[in-house]
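*Asks:* Following is a predicted model, sequence given first.
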Amino acid sequence: EAAVTQSPRSKVAVTGGKVTLSCHQTNNHDYMYWYRQDTGHGLRLIHYSYVADSTEKGDIPDGYKASRPSQENFSLILELASLSQTAVYFCASSDVDNSYEQYFGPGTRLTVL
Amino acid sequence: GNSVTQMQGQVTLSEEEFLFINCTYSTTGYPTLFWYVQYPGEGPQLLLKVTTANNKGSSRGFEATYDKGTTSFHLQKASVQESDSAVYYCVPRNNYAQGLTFGLGTRVSVFP
């Protein structure tokens, strides 16, 4: 049974619209992450969270907000979607007990038109 | 500072051939390195973990080793299958719960 799930798996949004990507984990992990993957760039960290109700900026946070309402759930919010945010988004979780190995979800393919 | 270099961008093999991927890691500490694999349409998944202390790990027919002489980590498989076609990343472990740094990886294509 998948331990990190993401919804939706695919989404088409319009420029300037609001997009919310959701992530749910059943690993009982404290730490959660959002990455984006673009062709030619590998995975880049957007936001992460150590604990519920707290988020941290990653390497490319501009244009994104994050929300961690509970240990299990972590959302990525694009208030004003732009063409440059077309990418595949991955959520991951980890914990100190497993050497911070990260477990990834299946990804959300976002297309902004 | 720490830096990881994975020189091979693309590797093309036939089934049953030997796979070898090299990853050089410059660090002042005692690193742990993760090998992640990403199959088409999926998220990355942990394949192996290797430290400079234990020198090697193995999983699903893959073996990861650490070469002290060249400070390099290697991933190898004796006989690849078409299902091994994927992108393989060497990723240094952080000492804290910050995000991992993924490079471009090595795209392995195996043809029957």
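*Replies:* That came in fine, so what should we check first?
*Asks:* In chain B, where is pLDDT below threshold?
*Replies:* Low-confidence segments of chain B (pLDDT under 70): B:1-3, B:27-30, B:53-55, B:95-97.
*Asks:* How about the residues of it by chain A?
*Replies:* Residues of chain B that fall close to chain A, judged by Cβ under 8 Å from any Cβ of the partner chain: B:32, B:34, B:41-46, B:49, B:89, B:93-94, B:96-100, B:102-105. In short, each C-beta sits where N, CA and C put it, glycine included.
*Asks:* Nearest residue to A:R9 in space, ignoring adjacent ones along the chain?
*Replies:* Residue nearest to A:R9 in three dimensions, not counting chain neighbours: A:T108, with 6.0 Å by Cβ to Cβ, 6 or more residues apart in numbering or on different chains.
*Asks:* brain fart, A:R44
*Replies:* Leaving out its chain neighbours, A:R44 is closest to A:I60 (Cβ to Cβ, 6+ apart), at 5.2 Å.
*Asks:* what about that neighbour, which helix or strand?
*Replies:* Assigned by DSSP states H and E, A:I60 belongs to no helix or strand.
*Asks:* Distance-wise, check it relative to B:Q45.
*Replies:* For A:I60, the distance to B:Q45 (Cβ to Cβ, to the nearest Å) stands at 23 Å.
*Asks:* swap in A:F104?
*Replies:* From A:F104 over to B:Q45 (counting by Cβ to Cβ), the distance is 7 Å.
*Asks:* returning to that earlier point: for PyMOL, what selects the buried ones among the residues of chain B next to chain A?
*Replies:* Buried members of the residues of chain B next to chain A, defined by 16 or more other Cβ atoms under 10 Å in any protein chain shown, are picked up in PyMOL with:
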select buried, chain B and resi 32+34+43+44+46+49+89+93+94+97+98+99+100+102+103+105
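*Asks:* Next to chain B, which bits of chain A? Give me the list.
*Replies:* Residues of chain A lying near chain B (Cβ under 8 Å from any Cβ): A:4, A:30-31, A:33, A:35, A:40-45, A:48, A:50, A:58-59, A:90, A:92, A:94, A:96, A:99-107.
*Asks:* switch to 7 Å and redo it
*Replies:* Chain A comes close to chain B at residues A:31, A:33, A:42-43, A:45, A:48, A:50, A:58, A:90, A:94, A:96, A:99-102, A:104-107, as judged by Cβ under 7 Å from any Cβ of the partner chain.
*Asks:* Tell me which of those residues fall in strands.
*Replies:* Judged by DSSP state E, strands contain the following of the residues of chain A next to chain B: A:31, A:33, A:42-43, A:45, A:48, A:90, A:94, A:104.
*Asks:* Serialize the residues you listed to JSON lines and add fields for distance to A:E72 and neighbour count.
*Replies:* Output for those, formatted as JSON lines (distance: Cβ to Cβ, whole Å; neighbours: other Cβ atoms under 10 Å in any protein chain shown):
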{"residue": "A:Y31", "distance to A:E72": "12", "neighbour count": "24"}
{"residue": "A:Y33", "distance to A:E72": "14", "neighbour count": "26"}
{"residue": "A:G42", "distance to A:E72": "27", "neighbour count": "19"}
{"residue": "A:L43", "distance to A:E72": "22", "neighbour count": "28"}
{"residue": "A:L45", "distance to A:E72": "20", "neighbour count": "21"}
{"residue": "A:Y48", "distance to A:E72": "15", "neighbour count": "23"}
{"residue": "A:F90", "distance to A:E72": "17", "neighbour count": "27"}
{"residue": "A:S94", "distance to A:E72": "14", "neighbour count": "25"}
{"residue": "A:F104", "distance to A:E72": "16", "neighbour count": "23"}
